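*Asks:* Starting from these lines, generate the structure:
(chains A, B, C and D)
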Number of protein chains: 4
Amino acid sequence: MQKIVDEIASQMASKTDKGIVASYIPQLACVDPKQFAISVALPDGSVYSAGCASTLFSIQSISKVFTLTLALGKLGERVWNRVGREPSGDPFNSIVQLEHEHGKPRNPFVNAGAIAIADAIIQGHQPKEILAEILQFVRYLADDESIAIDEKVARSEELTGDRNASLAHFMASFGLFQNPVDAVLGTYFHHCSIAMNTIQLATAGLFLANNGHNPITGYRVVSSDRAKRINSLMLMCGHYDGSGEFAFRVGLPGKSGVGGGILAIAPGKASIAVWSPGLDTIGNSKLGTQALELLTQKTGWSVFGQ
Amino acid sequence: MQKIVDEIASQMASKTDKGIVASYIPQLACVDPKQFAISVALPDGSVYSAGCASTLFSIQSISKVFTLTLALGKLGERVWNRVGREPSGDPFNSIVQLEHEHGKPRNPFVNAGAIAIADAIIQGHQPKEILAEILQFVRYLADDESIAIDEKVARSEELTGDRNASLAHFMASFGLFQNPVDAVLGTYFHHCSIAMNTIQLATAGLFLANNGHNPITGYRVVSSDRAKRINSLMLMCGHYDGSGEFAFRVGLPGKSGVGGGILAIAPGKASIAVWSPGLDTIGNSKLGTQALELLTQKTGWSVFGQ
Amino acid sequence: MQKIVDEIASQMASKTDKGIVASYIPQLACVDPKQFAISVALPDGSVYSAGCASTLFSIQSISKVFTLTLALGKLGERVWNRVGREPSGDPFNSIVQLEHEHGKPRNPFVNAGAIAIADAIIQGHQPKEILAEILQFVRYLADDESIAIDEKVARSEELTGDRNASLAHFMASFGLFQNPVDAVLGTYFHHCSIAMNTIQLATAGLFLANNGHNPITGYRVVSSDRAKRINSLMLMCGHYDGSGEFAFRVGLPGKSGVGGGILAIAPGKASIAVWSPGLDTIGNSKLGTQALELLTQKTGWSVFGQ
Amino acid sequence: MQKIVDEIASQMASKTDKGIVASYIPQLACVDPKQFAISVALPDGSVYSAGCASTLFSIQSISKVFTLTLALGKLGERVWNRVGREPSGDPFNSIVQLEHEHGKPRNPFVNAGAIAIADAIIQGHQPKEILAEILQFVRYLADDESIAIDEKVARSEELTGDRNASLAHFMASFGLFQNPVDAVLGTYFHHCSIAMNTIQLATAGLFLANNGHNPITGYRVVSSDRAKRINSLMLMCGHYDGSGEFAFRVGLPGKSGVGGGILAIAPGKASIAVWSPGLDTIGNSKLGTQALELLTQKTGWSVFGQ
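*Replies:* Here you go, the predicted structure:
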């Protein structure tokens, strides 16, 4: 496995077109696009890495996997009253579907859906409290108490978050929110600003590759049934209107973030985190996707056959 | 395995809500909704069945898996100039996406996409010739020369096919068609009217569960890589705007037809055909979906974990 | 008035950007774009013209005014069961609105609406009979028995009419059509292919400027109330998604055709026909619109004030 | 004229279905739906009224006519960089069109358009200053210094203004706003909360009926050309997706507000204000529309003919 990740890192280093770093959040725009990291965590608890695997990056939308898991724990199946579980066929920040479907987002991984999930888990708590809980949950999953929110990124998001504010107010206008829009947006912007490295991220996703059970910490995070369902949502909706392409090329459940990270799950086999900040036109990490494609070719881990 | 399929058939027989038989094609509307069949074909060539597994039914949109496979063989990657590979988020017969995206269907499994595939494979041949080729291909996959087109269903579809005619003329208006609209629609209506039973259908899908190789006939139908990609498209788009729900509940690549059949693939493990003519509101077999959900619970075959 | 139309024709002759002749109907594409004609018919029956006012051109969508008038005569208010009376905000050939509103076109002047009107007036007659009736009605309005259908244009439209065929089949798929789609389309393509000159067209529109009464023939065509309503529809919807712009600049009810003609009505004052085959990007006559803008500036005929 | 307005008020008093008072702004919901008022201002400066013509009501969206007029005075034709001038075919608060057209509203009378106009006229001033200027402009038009903003309504709007906040943030996300979203919304909510009676409103609209000149105060408010254009926008877009219906039935440029008021302009003849708080399903005053329909029948004032 170490040989495989080394080969992948080496091939990625030689690529000349590394995509474009996200510019709409100023704090993200200053990241060096040449960086690449990959970590593969196996069910036996071992983690194999290559590239700058200890460099922290903004996990952004990958955090939606963790808040969905938390929301399922708190609300159970009532989560599906707030968001659907179908791909939207639209970009991550589209509002058209919301108008046609009375403010209910198609799935928990488009921005509107994750904002609705943020509202659902606040449950009358203060944003600070719920953020502490989200952060504690991610630390627990990654077995690493050092994980923190990058406040500079969070503030940068708030200053440039008009599109997300529009989505939130739109849903609120249907009477669907239980908390003030500002509290919900604050929670959302902050959990998107959690900084992790690929080792931490691959470890945090291991419960999804291992039937809900984290072999490193020994904790049962969710039931095996729930792990399957989260994986299915990641495959169907984890890359917005590029989800079909990711399934076609990589063949694994995955969730991308505009910070350039991707968490991918090979059920029963591995949890994989890749990071490279250059994005393709849809907003997914360019080298990250290529690295995962290479990985499934080398390992035969695609869920669709060897 | 025989015990599992018997149990499933028995449980399905006891269900009282069996869905509604498709009414928009008159010839389909006269089918008895109480029928149920399941066949599971394994890579060793054995087939386990329960229910009325030798009763013929109209495979309808399941035929799109076979025409896509044929098109990939004839045109290779040029197929993707004609159709995309993303879920549409829209019903099977929606035209909105076509207008927004200049006549190119989102994927080969929505009606517009399958009609575009029909145009692509005609390649200047007569509709009769191409239909003979499609039928021969299905017989070859199922290893059964008796498979035929139900001409009554085909005529019934033609008489009530205004929505499909609208989709076809719409695409043709962008100059995207190489053949006359009538020839394309005739081909499409006829391949949707192929009649099969679940034994034949499960056998015909076996190459997708077995890395492109049919263990019964010994033929390599497609490369293992292509088999994976067809499976990924089935998972993402095989149940229209119910694809996410099917992935969430069943967790297998699958393709449904309004005749009540579903072909599902457990890569490396099995090709499964179910049939029950009652449909849910989205147009997928109600008991068929429940039977597959039960099957993956009993077998742990979900691609998303045990 | 003669001086005014002469001045306008002279100014139009000096314009260098005369727009682009419609190319999607081959037979229309061969028209010389430099031509311009204007005719102003007054309630006293006098007609003032300049330019090539006796040259025949294809009236295309202007015919929709005449078929709507005929449909109102035959069906009365039941016409509004078939089409709405709101601007669509969409291009002339859009199908998106039809899907969102279950096959009912927004108004009688978008293509789908006019096709629905064609279906409504056939009422079980043969297309030939109804075409003869439409033609007879236009001759009666224009007081000119020489007016005829240009069969070459009609055939050219039929050969390139996929978009209109798509609209028609789409509506038919909702069970909204009383006649075969081919008969309806044949009727539609032929009434769009009526050839007239600006003198004939201005005369034919005079009843709308004169409270429903044609002062030349002495016939009462429609009630004054109905004339008002037809005028309101022309203002709101007569130029597709350029209707607001036409109201803003010209300020008169008007109906354009892709042949380059426009019929405009100054209620109580005049019926005006202009023709110049070069179109703007929305599909309305470029010089024709400019000529009408100039005319309302010179005459103070805008319905919105002097 | 007094006889006509008395007859209309009397007929309206006898109507049993008076529509439903707007409920989404709580402060508007407590208004008594049985009230009706009409005032007709003539170019000679005389005003004829019936009903409770001195009762103040919230003018709501009618204020958009005044802010557009102000914006045209401040920015001239540059206003059209911010908003289009086509009917949208969508409800007043739709966001779909904004996503399809990159944040530029179709016209200045849908909510998004009026919010964009509010941003355009602030021009770096404090919201308080610009509100004072808007209020001063309305007083100047109505020749009545007593006109004021109803602060209770303004606060009520702010508390329930999520949909408008969504529209504003959406446009801001395209970088189209020059001022903070909160300042723009505050301005918008307050100018919508101006309270007027029908006498004041009819007087304030008189410049539009009189080629830009207010005969009572002697002021030239706008050029005759600009008055025409504002009238054309009112006709095309003044009643949202009910504009076609209003043109069809009433035949006058008009602008409605959810407070139940309508300002209608008969160019060259009269400025008319009606008020009755019960609304139809589209959000326009039910009795107000019927009263105007009756008025144009009795007077022959429709711009589309007598």
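
*Asks:* Any stretches of chain A with poor pLDDT?
*Replies:* The model of chain A has no residue with pLDDT under 70.

*Asks:* wait, isn't A:Ser58 in contact with A:His191?
*Replies:* No - if you go by C-beta atoms under 8 Å, A:Ser58 and A:His191 don't touch, sitting 11.0 Å apart. C-beta here means a position set from N, CA and C on the backbone, and glycine is covered the same way.

*Asks:* what about those two, which has more around it?
*Replies:* Higher neighbour count among A:Ser58 and A:His191: A:Ser58, with 31 against 27, using other C-beta atoms under 10 Å in any protein chain shown.

*Asks:* Checking A:Val303 next. Helix, strand or coil?
*Replies:* coil (DSSP: H, G, I helix; E, B strand; the rest coil).

*Asks:* Can you tell me how far it is from chain B?
*Replies:* Applying C-beta to the nearest C-beta, to the nearest Å, the value for A:Val303 to chain B is 4 Å.

*Asks:* again with A:Asp6
*Replies:* With C-beta to the nearest C-beta as the criterion, A:Asp6 and chain B are 24 Å apart.

*Asks:* Name the next helix or strand following the one helix or strand A:Leu185 maps to along the chain.
*Replies:* Assessed by DSSP states H and E, A:Leu185 sits inside helix A:181-192. As assigned by DSSP H and E, the chain's next helix or strand after helix A:181-192 is strand A:194-196.

*Asks:* Can you pull out the residues in contact with that following strand?
*Replies:* A:56-59, A:63, A:134-135, A:138, A:142, A:147-150, A:153, A:204, A:261 (C-beta atoms under 8 Å, 6 or more residues apart in numbering or on different chains).

*Asks:* just how off-centre is the helix or strand harbouring A:Leu201 within its chain?
*Replies:* Per DSSP H and E, A:Leu201 falls inside helix A:198-204. Helix A:198-204 sits 12 Å away from the centroid of its parent chain (C-alpha atoms, centre = their mean, to the nearest Å).

*Asks:* hmm, which of the contacts of strand A:194-196 are the buried ones?
*Replies:* A:56-59, A:63, A:134-135, A:138, A:142, A:147, A:149-150, A:153, A:204, A:261 (16 or more other C-beta atoms under 10 Å in any protein chain shown).

*Asks:* Let's see which of these end up in strands.
*Replies:* If you go by DSSP state E, the buried ones among the contacts of strand A:194-196 have A:57-58, A:149, A:261 in strands.

*Asks:* follow-up on the earlier one: for the helix holding A:Leu201, name the packing helices and strands.
*Replies:* strand A:37-41, strand A:47-51, helix A:127-142, strand A:261-266, strand A:270-275 (3 or more C-beta pairs under 8 Å, 6 or more residues apart in numbering or on different chains; DSSP states H and E).

*Asks:* buried ones in the third one?
*Replies:* Okay, so that is helix A:127-142. So, applying 16+ other C-beta under 10 Å, buried residues of helix A:127-142: A:127, A:130-131, A:134-135, A:137-142.

*Asks:* how near is the one residue sitting closest to the centre of chain A to A:Ile265?
*Replies:* For chain A, A:Ile62 is the residue whose C-alpha lies nearest the centre (C-alpha atoms, centre = their mean; 1.3 Å). Distance of A:Ile62 to A:Ile265, given as C-beta to C-beta, to the nearest Å: 12 Å.

*Asks:* ditto for A:Ile230
*Replies:* 9 Å.

*Asks:* Tell me the residues of the stretch 1-150 of chain A that contact chain D?
*Replies:* By the rule C-beta under 8 Å from any C-beta of the partner chain, the part of the stretch 1-150 of chain A lying against chain D is A:94-96, A:98-100.

*Asks:* And those residues, which of them are buried?
*Replies:* Of the residues of the stretch 1-150 of chain A next to chain D, these count as buried by 16+ other C-beta under 10 Å: A:94-96, A:98-99.
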